[in-house]
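> give the three-dimensional model of this entry:
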Amino acid sequence: MSDSQKKIVFACSIADEAAKSRIQKLGDLIEVPDADSPEKIIAAAQGAQVLVVPYTAHALVTPEVIDALPELEVVGSTYGGVRQNIDDLYALEKELLVIHTGPTRIRPMAEYTLGLALSSLTQISNYNHYMKSGEAWPRMKFGRTRILHNRKVGVIGFGWIGQGIANLFGQFTDQVQIYSAHATADSLQAQGFQKAESLLSLFSECEVIVLAGGYTPETHHMIRAEHFEAMADEALFINIARGKMVNQAEMIAAVEKQNIFLALDVFETEPLEEDSPLRSNDRCLLAPHRANAPIEFEARWSFLADELERLGRGENMLTALSPTRAKNMSES
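Below you'll find the predicted structure:
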């Protein structure tokens, strides 16, 4: 079958007409927005070489689906990851290409993280809260605040998002440390960063710490009491990764007894409990898991068109997963 004859199935509607037009030129495009179960996927994608699914909270592309679609070459997600509803490891075993739209999240999530950092350091979010909830002029409520310029920043995780955050924060300071099991000291130094000696040393040395890695069984509760206890007075911990990477009970205990700051977009249990002590602590800036909300994430449709055009030209797809990369992506 030639490239122009590929059957391309999207288990959703493509929300960008320009991207849709580009994809239609690559083959027979079929949109099946009601294919919301493995059984419906199998029925809709018979004979397909390319299958792209949206985010769902349940498995869509299971081993059974992959086995039932023998002509499949590529399976992808409109989401930034794939583990949520695609059995990527099985797909890779079957020598399929597995793609996602992670690069479209890099700048939006980096700027969102920067917003959390600046809002926390400058207390803007607290001033806004108090001026709207009864205090007419809380000008001196928090004393001197801080800016990001020249502060020591630590980034935990150096995938697509971690790199984007490190690069953006690097425009404010040349003191950026990276904790990564994969990036070497030499490669980080070439990019203007320093490799942290250990996770504990990063927490003890940095004034702003950003968790940006993927959630896997190995990273469950990787951040715990000893790391918070190592933080300097007034240091800030930001989590835009996954709540289960942090022992939340130990984090709460730490912020209640230490003069540290938290800026959290994710929590171990979501929604965050209504009676959580985090809600009443002025040193905790909270957001309801919205780091991927910026409208710029909708560039994902154009990005998927880019990826499929690369496939049509016989080029490597930018986000095609390796088994090693797949194992380190978030599972939820």
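
> what residue of the chain is the furthest out?
Taking Cα atoms, centre = their mean, the residue of the chain most remote from its mean C-alpha position is A136, at 38.0 Å.

> so, low pLDDT: which residues of the chain?
Applying pLDDT under 70 to the chain flags the ranges 1-4, 328-332.

> and the strands in it?
Under the criterion DSSP state E, the chain carries strands at the ranges 6-10, 27-31, 50-53, 74-77, 97-99, 153-156, 176-179, 194-195, 208-211, 236-239, 261-264, 284-286.

> partner strands of the third one and their direction?
When pairs are called by DSSP bridges, strand 50-53 turns out to pair with strand 6-10 (parallel), strand 74-77 (parallel).

> hey, C-alpha coordinates of the shortest one in CSV?
Presented in CSV, the C-alpha positions along strand 74-77 are these (Å, rounded to 0.1, in the frame of the first residue of the first chain):
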residue,chain,number,x,y,z
VAL,A,74,1.4,3.9,14.0
VAL,A,75,-0.6,4.5,17.1
GLY,A,76,-0.7,7.9,18.6
SER,A,77,-2.4,10.2,21.2
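
> tell me which residues are up against that strand.
With contact meaning Cβ atoms under 8 Å, 6 or more residues apart in numbering, strand 74-77 is reached by 49-55, 61, 66, 82, 84-86, 91, 96-101, 304, 307-308, 311, 317. From N, CA and C alone the C-beta is placed, and that goes for glycine too.

> equivalent analysis for stretch 262-269, please.
Against stretch 262-269 from outside (Cβ under 8 Å, 6+ apart): 112, 116-117, 119-120, 236-244, 246-248, 251, 255, 276, 278, 281, 283-291.

> let's have the strands paired with strand 50-53 in TSV, adding mean neighbour count and distance to A35.
Shown next, in TSV, are the strands paired with strand 50-53 (neighbours: other Cβ atoms under 10 Å; distance: least, Cβ to Cβ, whole Å):
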stretch	mean neighbour count	distance to A35
strand 6-10	21	8
strand 74-77	26	13
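
> for H182, find the nearest of these.
H182 sits nearest to strand 74-77 of all the strands paired with strand 50-53, at 22.0 Å, using Cβ to Cβ.

> how about the contacts made by the nearest residue to R151 once chain neighbours are set aside?
Excluding its sequence neighbours, the residue lying closest to R151 (Cβ to Cβ, 6 or more residues apart in numbering) is E207, at 4.5 Å. Contacts for E207 (Cβ under 8 Å, 6+ apart) come out as 151-153, 232, 234-236.

> what sits against Y79?
54-55, 100-101.

> ok, L202 touching V153?
No. If you go by Cβ atoms under 8 Å, L202 and V153 don't touch, sitting 9.8 Å apart.

> compare these two (neighbour count), which wins?
Legend: neighbour count by other Cβ atoms under 10 Å for L202 and V153, higher for V153 (26 against 23).

> using the record's assignment, carve the protein into domains.
3-100+295-327, 106-286 (automatic domain parsing).

> burial count for the residue nearest to F228 when sequence neighbours are not counted?
Nearest residue to F228, sequence neighbours excluded (Cβ to Cβ, 6+ apart): A254, at 3.5 Å. If you count neighbours by other Cβ under 10 Å, A254 ends up with 21.
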